[in-house]
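K.L.:
Predicted model follows, preceded by the sequence.
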Amino acid sequence: MVHVQSLDPTASPLDYYGWELRRQREAHGLKQSQLGEIIFCTGSLVGQIETTKKVPTRDFSERVDAALGTDGLFSRLIGLVLRSQLPTWFQPYAEMEAKAAYISTYQAQLVYGLLQTEEYARAVLATGTSDDLEGLVGARMERQRVLEREQPPLTCVVLDEAVLLRPVGGREVMRRQLAHLLEFADHRSVHVQVLPNEAGAHASLDGAFNLLRFDDHPDVIYTEDLISGHMTADSATIREASRRYARLQAAALSVEDSAGLITRVLEERYGDDSPPDELAVA
């Protein structure tokens, strides 16, 4: 007799997703292999998702909804499931980010998460200690859906020039990442500026920070240290962060000139004709 692993649907969003997937599949009289054939995946993958050994993707969820006629159930659940894969200390920020009307961020080391390509994100997250890299990548890609809202947040991003030069993932990954940044050059709600090295000492030498503004909630400032994140709505801290960000924007290149610099770095450092070098994989 085949042992069927029991799940507690109240244990976590992932457990509920797996429990509901099994319930819906069995209600339709389908074996795992049969559902797999319908949605173009293996029965083994269906089983692994049902038992929480694999984290589902949005594409998988949409195909299940179409196959089982579940009226978008799994497409609605997947956002909650993927958000639950984020580090516990980061989840409150991700929830606030998803509701923000305005996002202002300065990044000194890496491309801002909402603007990362999947392969760049994978290279960044691979430097951590999580056993579920794909779950983290999926969660980061899910965060980016905030930019696809009917009324997306006005997102202002200042990147240190060092971000463009740091070869995260290698030449090909960086080429596509910088090309992706250039896609925002004419975006109506995303403004990307580069703080050039020649700016020297600047208003945020202490490090990166994100400032979130809301239509019906106090502003929030978010920073990270080596092992966790910190979020506060303290008014004095918000005022200081706002002043610093205004100075960073003033010192940074314009959106147009930033796009020009990104293009030059892409061509000269990561282009097909650029000289070979030892690009570290981050």
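P.N.:
Perfect, I can see it now.

K.L.:
Please make it C-alpha for all contacts and neighbour counts, starting now.
P.N.:
Noted.

K.L.:
what does the model give residue 129 for pLDDT?
P.N.:
On the pLDDT scale, residue 129 is placed at 74.

K.L.:
for the one 5 residues further on, same thing?
P.N.:
Per-residue confidence (pLDDT) for residue 134: 89.

K.L.:
tell me which strands and helices the helix or strand hosting it is in contact with?
P.N.:
Secondary structure from DSSP states H and E places residue 134 in helix 133-143. In terms of contacts (3 or more Cα pairs under 8 Å, 6 or more residues apart in numbering; DSSP states H and E), helix 133-143 is packed against helix 73-84, helix 118-125.

K.L.:
how close does the closest residue to residue 90 other than its chain neighbours sit to residue 186?
P.N.:
Spatial nearest neighbour of residue 90, excluding adjacent residues (Cα to Cα, 6 or more residues apart in numbering): residue 229 at 6.4 Å. Distance, residue 229 to residue 186, using Cα to Cα, to the nearest Å: 32 Å.

K.L.:
again, but for residue 60
P.N.:
Relative to residue 186, and taking Cα to Cα, residue 60 is found at 32 Å.

K.L.:
Repeat that for residue 102.
P.N.:
Counting by Cα to Cα - residue 102 and residue 186 are separated by 18 Å.

K.L.:
These two: which has the busier surroundings?
P.N.:
Using other Cα atoms under 10 Å, the more surrounded residue of residue 102 and residue 186 is residue 102, with 18 against 13.

K.L.:
From what I see, the more buried one and residue 212 are in contact.
P.N.:
Yes: the criterion here is Cα atoms under 8 Å, and residue 102 meets it with residue 212 at 5.8 Å.

K.L.:
Give me the sheet partners of the helix or strand encompassing residue 158 and which way each runs.
P.N.:
Per DSSP H and E, residue 158 falls inside strand 154-160. Strand 154-160 has its sheet partners listed here by DSSP bridges as strand 102-107 (parallel), strand 190-195 (parallel).

K.L.:
which residues touch it?
P.N.:
101-112, 189-197, 248-249, 252 (Cα atoms under 8 Å, 6 or more residues apart in numbering).

K.L.:
Which parts of the chain are helices?
P.N.:
Taking DSSP state H as the criterion, the chain contains helices spanning 13-27, 32-38, 43-50, 58-68, 73-84, 91-99, 118-125, 133-143, 161-165, 171-182, 235-251, 255-269.

K.L.:
contacting residues around the residue most central in space within the chain?
P.N.:
For the chain, residue 140 is the residue whose C-alpha lies nearest the centre (Cα atoms, centre = their mean; 2.7 Å). Residues counted as contacts of residue 140 (Cα under 8 Å, 6+ apart) are 113, 114, 121.

K.L.:
With residue 223 instead?
P.N.:
208, 209, 210, 229, 230, 231.

K.L.:
And those residues, which is closest to residue 22?
P.N.:
Comparing the contacts of residue 223 against residue 22 with Cα to Cα places residue 229 closest, at 36.0 Å.

K.L.:
Might one say that the closest one is in contact with residue 209?
P.N.:
No: counting by Cα under 8 Å, residue 229 does not reach residue 209; the two are 10.2 Å apart.

K.L.:
Now do the shared contacts for the two.
P.N.:
Listed as contacting both residue 229 and residue 209 by Cα under 8 Å, 6+ apart are 222, 223.
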